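[1] 3D model of this:
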Amino acid sequence: MSKLVKIFTIIFFLIFNGFSVLAIENKILLKVNNKLITTIDILNEINYLKSINQDINKLENDKIFEIARNSLIKDKIKEIALSKIVDKIEIEDEDFNKILLSTYSNTGYTEIEKISKHLIKFNINNEMLKKKMTISAIWNQFVYDKYANNIKIDTEKLKKDILKKENQNEYLLSEIFFDLPKNQTLAEKFDIIKKGIKENGFENSALIYSISETSTSGGKIGWISENSINKEILKKISEININEYTEPITIPGGFLILKLNEKRITKRKIKLEEELNRVIKIKTNKQLNQFSNIFLNKIKKDIIINEL
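    As a prediction, this is how the structure comes out:
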């Protein structure tokens with residue numbers, strides 16, 4: 001057990017035996033370049049992750065710690081990169097509320113007041129949460145500005161595909177998107193992930209192994225129409241049954257495992273332009289997420305991470 005995990009295990013024990021988080025000594029655990037990660041940062045991150053996906057409670061303490069640690073490191077790397085590009089990392093309250101609604105919509109909350117009450121249950125530090133959401137929002141805008149010209153979508157083909165069918169298949173999907181560390185084969189990595197899925201379930205394995213932005217919500221993508229899915233990926237999905245997952249699919253920046261949660265047939269009721277815009281948005285976001293992961297991995301090579 002590493003020094004960091006030992007420290008966290010002690011803190012975890014104290015919290016669940018009635019000690020206040022405020023009474024815990026706030027120690028520096030990690031340094032990401034000049035950015036610090038402390039015990040309180042870790043605990044706040046765990047509270048945030050639990051507020052998004054309570055299945056995380058099913059994991060062992062060291063796994064929860066690792067997920068929170070990796071999530072914070074990713075945020076710090078983004079913050080370091082953005083600090084060289086923008087003067088201030090901040091957003092308006094109105095934009096923050098929109099992001100909150102979007103983030104917690106998967107948990108069933110559609111009103112700010114109800115989200116606020118939900119956050120109180122998890123002792124969420126509002127300042128920390130706003131900073132986290134702000135970094136994410138500005139990072140996403142930066143990625144869009146940087147890679148917008150690289151997005152490739154065949155609009156005319158999409159129109160034809162949409163008009164071709166009155167009825168279409170829709171899939172409720174979850175994902176694990178991962179890359180390969182040095183000296184590890186795809187087969188070795190996939191075996192590790194499969195073992196994790198067997199022991200902890202797909203959603204918790206997404207928390208542990210996925211580097212996608214969807215990892216915090218257990219890899220949930222939501223309902224996706226067949227028009228929005230790449231042909232190769234659609235073929236892989238059509239080969240599995242509900243509650244099964246695909247073999248790793250090679251995509252830009254890494255490998256994708258998809259789980260089919262549900263499937264339905266829907267009739268196209270909305271206008272062509274509305275459906276087209278919806279599909280374009282889904283495809284655009286997917287490509288931007290891939291560019292985001294590629295760029296994050298690129299700048300991560302120049303980041304120094306030290307345990308203290």
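[2] What score does the closest residue to residue 236 other than its chain neighbours have for pLDDT?
    Leaving aside its chain neighbours, residue 236 sits nearest to residue 246 (4.6 Å; criterion: C-beta to C-beta, 6 or more residues apart in numbering). Heads up, the C-betas are built off the backbone N, CA and C, glycines and all. pLDDT, residue 246: 97.
[3] same question, residue 23
    For residue 23, the pLDDT comes out at 51.
[4] On the three-state scheme, residue 259 is what?
    Look at residue 259: counting by DSSP: H, G, I helix; E, B strand; the rest coil, its state is strand.
[5] does it have beta-bridge partners, and which?
    Residue 259 has these beta-bridge partners by DSSP bridges: residue 174, residue 245.
[6] Ok, residue 255 next?
    Bridge pairing for residue 255 - DSSP bridges - gives residue 178, residue 250.
[7] can you pull the pLDDT of it?
    In the prediction, the pLDDT value recorded for residue 255 is 95.
[8] shouldn't it be in contact with residue 187?
    No - Residue 255 lies out of contact with residue 187 (C-beta atoms under 8 Å); the separation is 11.3 Å.
[9] So between these two, which is more surrounded?
    residue 255 (18 against 9; other C-beta atoms under 10 Å).
[10] Run through the strands of the stretch 1-150 of the chain in chain order.
    28-32, 35-38 (DSSP state E, counting those that start in this stretch).
[11] Oh, that last question was meant for the stretch 201-308 of the chain, not what I typed.
    Assigned by DSSP E, counting those that start in this stretch, the stretch 201-308 of the chain shows strands spanning 220-225, 249-251, 254-267, 305-307.
[12] These: which one's closest to residue 295?
    Nearest to residue 295 among the strands of the stretch 201-308 of the chain is strand 254-267 (12.8 Å), distances taken as C-beta to C-beta.
[13] low pLDDT regions in the protein?
    For the chain, the stretches with pLDDT under 70 are 1-25, 268-270.
[14] switch the cut-off to 50
    Low-confidence segments of the chain (pLDDT under 50): 1, 17-20.
[15] for it, which helix is longest?
    Secondary structure of the chain read by DSSP state H shows that its longest helix is helix 272-300.
[16] centre of the chain versus that one, how much separation?
    Between the centre of helix 272-300 and the centre of its host chain there is 13 Å, according to C-alpha atoms, centre = their mean, to the nearest Å.
[17] helices and strands around that helix, which ones?
    Applying 3 or more C-beta pairs under 8 Å, 6 or more residues apart in numbering; DSSP states H and E, we find helix 272-300 packed against helix 61-83, helix 126-147, helix 155-164.
[18] Surely residue 283 touches residue 228?
    Yes - with contacts counted by C-beta under 8 Å, residue 283 reaches residue 228, the gap being 6.1 Å.
[19] higher neighbour count, these two?
    Between residue 283 and residue 228, counting by other C-beta under 10 Å, residue 228 is the more crowded of the two (22 against 19).
[20] CA atoms only: put stretch 187-202 into PDB for me.
    Below are the C-alpha coordinates for stretch 187-202, written out as PDB (Å, rounded to 0.1, in the frame of the first residue of the first chain):
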ATOM      1  CA  ALA A 187      -5.200  -7.900 -24.800                       C
ATOM      2  CA  GLU A 188      -3.600  -7.400 -21.400                       C
ATOM      3  CA  LYS A 189      -5.400  -4.100 -20.800                       C
ATOM      4  CA  PHE A 190      -8.700  -5.600 -21.900                       C
ATOM      5  CA  ASP A 191      -8.300  -8.600 -19.600                       C
ATOM      6  CA  ILE A 192      -7.800  -6.200 -16.700                       C
ATOM      7  CA  ILE A 193     -10.900  -4.300 -17.600                       C
ATOM      8  CA  LYS A 194     -13.000  -7.400 -18.100                       C
ATOM      9  CA  LYS A 195     -11.900  -8.600 -14.700                       C
ATOM     10  CA  GLY A 196     -12.900  -5.200 -13.300                       C
ATOM     11  CA  ILE A 197     -16.300  -5.400 -15.000                       C
ATOM     12  CA  LYS A 198     -16.900  -8.900 -13.600                       C
ATOM     13  CA  GLU A 199     -16.000  -7.800 -10.000                       C
ATOM     14  CA  ASN A 200     -17.400  -4.200  -9.900                       C
ATOM     15  CA  GLY A 201     -19.800  -3.900 -12.800                       C
ATOM     16  CA  PHE A 202     -19.500  -1.800 -16.000                       C
END
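[21] if we can go back for a sec, hang on, the residue nearest to residue 236 packs against residue 257?
    Yes - with contact defined as C-beta under 8 Å, residue 246 and residue 257 form a contacting pair (5.9 Å).
[22] Between those two, which is the more surrounded one?
    When neighbours are counted by other C-beta under 10 Å, residue 246 and residue 257 differ, and residue 257 comes out ahead with 25 against 19.
[23] leaving aside the residues next to it on the chain, what's closest to the more buried one?
    Using C-beta to C-beta, 6+ apart, the nearest residue to residue 257 is residue 176, at 4.4 Å.
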